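1. no FASTA, just this:
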């Protein structure tokens, strides 16, 4: 006799007033290892904390995945009453479907609820009492009136490796002020020079009165170096510069895109940052000027003017809290 064990995932219904969507998922030949439609829908609901899908919804999200060797491509189209109102495409190079499936789940979660990328609100942490940098001098007991006493060496707060999540704000890279998130890593090359790596996602912003029917987002990675200007007790100011590379993506809501997909983007930064250290914890803040090396021009065919083009000079600020090793 064989026993069959079945598991059912139950998610909270969509909150009152929240929009619901229909959902379909097509797996092209060669993608049999990808999650099926119920599994992918459950992953999206888990990210949102509720089930946004309904068989009676007027807006339908149609997803599909295709594969050529190690290159995976997924496309998500949004239809309302049968009319195409938006389309997004993501791709990944991998041996299995895990990366592209996670990207599709995040993309659909953001389409349903653009705030889903920000995650839960951070709980304030009680500040840690500062540790005295230099202990009281210890004199030999035979010479109580000695003029010079040895001190313990001051700890070096530079750290050899730092990893942290970060929150980003930008002005000029997208049509209006944009908030984003990412991951930062850094460490010491040779004092006072340090290295810095970042991966940042700025979710789509728009549409707005200035940019109707469209939304734009930006994802990039950056690599750079900093020079520590001083060590002021627990605070370390630095001057930094970096190179950025990524993609800018546009979402078209009520028109048909002529050349869909992401576009390569590149830029450079220079600015100041500061690191407040209470080892192993640290708080890192930065303000940078961004020079856009590539500036794509988005326009409507037959229209009188461009829809959006990045500013040549933009601002980028970030705050991150993490651990150093």
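-> Everything's here; your move. Bear in mind the structure is a predicted one, so any value in this text is a computation, not a measurement. Residues are numbered from 1 along each chain as shown.
2. where in the stretch 1-150 of the chain is pLDDT low?
-> Applying pLDDT under 70 to the stretch 1-150 of the chain picks out residues 1-14, 116-150.
3. Tell me where it has strands.
-> Per DSSP state E, counting those that start in this stretch, the stretch 1-150 of the chain carries strands over the ranges 22-27, 59-68, 71-80, 83-93.
4. Now do the shortest one against strand 59-68, angle only.
-> In other words, strand 22-27. For strand 22-27 against strand 59-68, the angle by axes from the mean of the first three to the mean of the last three CA atoms, to 10 degrees is 10 degrees.
5. what helices or strands is strand 22-27 leaning on?
-> helix 37-48, strand 59-68 (3 or more CB pairs under 8 Å, 6 or more residues apart in numbering; DSSP states H and E). For glycine as for every other residue, the C-beta is placed from the backbone atoms N, C-alpha and C.
6. Which one of those lies nearest to residue 166?
-> helix 37-48 (20.3 Å; CB to CB).
7. got a list of contacts for the longest helix seen in the chain?
-> Identified as the longest helix of the chain according to DSSP state H is helix 98-112. Residues outside helix 98-112 that contact it (CB atoms under 8 Å, 6 or more residues apart in numbering): 19, 21, 23, 34-35, 40, 43-44, 47-48, 52, 61, 63, 65, 72-74, 76, 78, 86, 88, 90-92, 94, 116-117, 203-204.
8. Would you mind writing the ChimeraX command to select the buried ones in those?
-> Buried subset of those, written as a ChimeraX selection, criterion 16 or more other CB atoms under 10 Å:
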select :21,23,34,35,40,43,44,47,48,52,61,63,65,72,73,74,76,78,86,88,90,92,116,117,203,204
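9. tilt between the longest strand along the chain and helix 98-112?
-> Looking across the chain with DSSP state E, the single longest strand is strand 235-252. Angle, strand 235-252 to helix 98-112, by the same axes, to 10 degrees: 80 degrees.
10. So for residue 314, what's the nearest residue that isn't a sequence neighbour?
-> residue 172 (3.0 Å; CB to CB, 6 or more residues apart in numbering).
11. With residue 272 as the reference, measure out to the one you found.
-> 18 Å (CB to CB, to the nearest Å).
12. Tell me which of these two has more neighbours.
-> Comparing residue 172 with residue 272 by other CB atoms under 10 Å, the one with more neighbours is residue 172, at 18 against 14.
13. nearest residue to residue 249 other than its sequence neighbours?
-> Residue 249's closest residue in space is residue 262 (CB to CB, 6+ apart), at 4.6 Å.
14. give me phi/psi at that neighbour?
-> phi -80, psi 160 (degrees, to the nearest 10).
15. contacting residues around it?
-> 89, 247-249.
16. Considering those, which possesses the most neighbours?
-> Neighbour counts for the contacts of residue 262 peak at residue 248, which has 23 neighbours (criterion: other CB under 10 Å).
17. count of residues packed around the residue lying closest to that residue once chain neighbours are set aside?
-> Closest residue in space to residue 248, ignoring its immediate chain neighbours: residue 265 at 4.6 Å, by CB to CB, 6+ apart. When neighbours are counted by other CB under 10 Å, residue 265 registers 21.
18. show me what contacts residue 265?
-> 218, 220, 244-248, 292, 294, 296.
19. any idea which of those residues is closest to residue 164?
-> Scanning the contacts of residue 265 for proximity to residue 164, where the rule is CB to CB, the winner is residue 220, at 17.6 Å.
20. avg pLDDT for whichever helix or strand that closest one is part of?
-> Following DSSP states H and E, one finds residue 220 within strand 214-228. Strand 214-228 shows a mean pLDDT of 91 in the predicted model.
21. likewise stretch 293-311?
-> So the average pLDDT for stretch 293-311 ends up being 77.
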